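Engineer: quick one, structure for this:
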Amino acid sequence: MKVTLRYGREGLAVELPDEHVSHVLRQNRLPKVERPREAVEQALAEPIGARPLAELARGRRDACLVISDITRPVPNAVILPPIIGALTDAGLAPGDMLILVATGLHRANTDDELLEMLGREVMASGCRIEHHIARDAASHEHLGETDRGTPVVIDRRYLAADLKILTGLVEPHLMAGYSGGRKAICPGLCAVETVMAFHGPELLEPPEACAGNLVDNPVHEEALAVAKMAGGADFIVNVTLDEDRDMTGVFAGDMQAAHAQAMIRAEEQTKVVIDEPADIVVTSGGGYPLDLTMYQGIKGIVAAAPLVKPGGTIIIAQENAEGIGGEEFTDLMLSVSDPHEYIRQAIGGGDFCIDAWQLHVLEKVLRHCEVVNVSDALPQDLQRECFVEPAGSVEEAVNRTLEGVRADASSARGQVRAPARTNMRIAVIPDGPYVLGCLAGDSVGTLSVAPTSDNRQPTSQPVRKVRLLKVRQMC
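Structural biologist: Numbers count the residues shown, from 1 in each chain. Sure thing, here's the model as predicted:
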């Protein structure tokens, strides 16, 4: 069977043994938005739970338009011109509009990346374009703490804006259930201390902190709590995208109401349920721009984990053209020898530094199964430093696993041969983390974000305070 995995910009064609492939999980086909720009204009004029944007904007002195950074394939060149047009019609000049890139703790984007992200029309619009800088304490304001104890420290430019607009892509998110909506504020516009607490081990360790789940999900709850303390947003514009990165929906209006509708569409599009887990899951890091680094590519590993049997193997193809990740994450991965011990100590109150949350979610997968990585750009010795076993190709990794050859963590990553099994089943997820794969019997497979007859809502559990984490530049 020939399958093309999402990999870098071009994709990666692989051939898998037909007799072993039991499932190829792809997004469900939903109708594409035929005239995307017109659809955005209509959504601005007929929003969900809010007045039309042009009405909201009338009489405002300025506006802040929050966008995602290069790691998200948001069609800003389609979304932003109608928003700018509506604000202009309401009397705002381009110079009164700030396009603020919600980087969280990611690096600022280059000029070339901004052009790719925004398009020439927006770049030439006269709007100011600036980046959120989480480590710049002077550019943030402390608003207090959430009930869990997370310090709420938000970008002053957003707080000061007379009209606050969030944009983004709604897709399965490995911790918060779904991206979009409130996440543009938290962690997008938060200072480093807020981001640290928001990604702390107390929030990430519960099984409810996973893709596709909102019920009792502490990460989702905390993102929403922080966003509300920041005043929320006057208006959001969220979209859903299919495998071709074409829009399948535009959801504009109230921060929670519009986002709720977007999550329903995202679930309809991305959720694929199978009855039994597979021995091997072949997946991808989602392709460019998500697989630029191992840090982001881990999302593909986490997305595959629910579908693999205990002790099974995830084989992921991710280009990693920019290496392991940012400085903190790279230093962390190169300094930790035992990820399980590191996370055990972190949960118990030990060191937990910037970007350690991505090691945490990877470590949760490694408790469950082996991970084999295929990357053209990242040297194999560095792949091993990231606690994955490298392979020269997906085909090599599959054959090696079918033959019972796997890494032996107890012998300096030597190899051992286990009994080969002829009945091993392979599930394939070509689009990586953009597909919400789940089992029929698990909570995500059973529940839905759409309203049901019993109208189940997150239960009212006692709030557990997060441990305030000391901010460190390196581990």
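Engineer: longest strand anywhere in this structure?
Structural biologist: strand 308-317 (DSSP state E).
Engineer: buried residues in that strand?
Structural biologist: Residues of strand 308-317 classed as buried: 308, 309, 312, 313, 314, 315, 316, 317 (neighbour count, 16 or more other Cβ atoms under 10 Å). Heads up, the C-betas are built off the backbone N, CA and C, glycines and all.
Engineer: pLDDT below threshold where in the stretch 301-450 of the chain?
Structural biologist: For the stretch 301-450 of the chain, the stretches flagged by pLDDT under 70 are 405-422.
Engineer: please repeat the previous calculation with a cut-off of 90.
Structural biologist: Flagging of the stretch 301-450 of the chain using pLDDT under 90 yields the residue ranges 349-354, 404-423, 450.
Engineer: need the helices for it, in chain order.
Structural biologist: Read by DSSP state H, counting those that start in this stretch, the stretch 301-450 of the chain holds these helices, from start to end of the chain: 327-335, 339-347, 356-366, 380-385, 394-402, 443-446.
Engineer: just grab the bridge partners of residue 13 for me.
Structural biologist: Bridge pairing for residue 13 (DSSP bridges) gives the partners residue 4.
Engineer: can you pull the contacts of it?
Structural biologist: The neighbourhood of residue 13, defined by Cβ atoms under 8 Å, 6 or more residues apart in numbering, consists of 2, 3, 4, 5.
Engineer: which one (most neighbours) among those?
Structural biologist: Scoring the contacts of residue 13 on neighbours with other Cβ atoms under 10 Å, the highest-scoring entry is residue 5 at 27 neighbours.
Engineer: I'd like to know which elements the longest helix along the chain is packed against.
Structural biologist: Here the longest helix in the chain is taken by residue count, with DSSP state H as the criterion, and it is helix 255-270. If contacts are counted by 3 or more Cβ pairs under 8 Å, 6 or more residues apart in numbering; DSSP states H and E, helix 255-270 sits against strand 177-178, strand 235-241, strand 247-253.
Engineer: can I get the buried residues of strand 308-317 in TSV including distance to residue 128?
Structural biologist: Shown next, in TSV, are the buried residues of strand 308-317 (distance: Cβ to Cβ, whole Å):
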residue	distance to residue 128
308	47
309	52
312	50
313	49
314	43
315	45
316	39
317	39
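Engineer: of all those, which two lie farthest apart?
Structural biologist: Using Cβ to Cβ, the pair of the buried residues of strand 308-317 lying farthest apart is 309 and 317, separated by 20.6 Å.
Engineer: apart from its neighbours in sequence, what residue is nearest residue 119?
Structural biologist: Distance criterion Cβ to Cβ, 6 or more residues apart in numbering; nearest residue to residue 119, sequence neighbours excluded, is residue 77 at 3.1 Å.
Engineer: now do the same contact list for that neighbour.
Structural biologist: Residues counted as contacts of residue 77 (Cβ under 8 Å, 6+ apart) are 118, 119, 121, 122.
Engineer: now, of those, which are buried?
Structural biologist: Neighbour-count burial within the contacts of residue 77 applies to 118, 119, 122; the criterion is 16+ other Cβ under 10 Å.
Engineer: how's the chain carved up into domains?
Structural biologist: Residue ranges for each domain of the chain read 2-28+271-446, 36-253, as given by automatic domain parsing.
Engineer: distance to residue 264 added to those domains, as JSON lines?
Structural biologist: Converted to JSON lines, the domains of the chain look like this (distance: least, Cβ to Cβ, whole Å):
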{"stretch": "domain 2-28+271-446", "distance to residue 264": "11"}
{"stretch": "domain 36-253", "distance to residue 264": "9"}
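Engineer: between those, which gets nearest to residue 263?
Structural biologist: With Cβ to Cβ as the measure, domain 36-253 is the member of the domains of the chain nearest residue 263 (4.6 Å).
Engineer: middle-most residue in the chain, spatially?
Structural biologist: Computing the C-alpha centroid of the chain and ranking residues by Cα atoms, centre = their mean puts residue 173 first, at 4.5 Å.
Engineer: now do the contacts for the nearest residue to it once chain neighbours are set aside.
Structural biologist: Leaving aside its chain neighbours, residue 173 sits nearest to residue 179 (4.4 Å; criterion: Cβ to Cβ, 6+ apart). Residue 179 is in contact with 72, 168, 169, 170, 171, 172, 173, counting by Cβ under 8 Å, 6+ apart.
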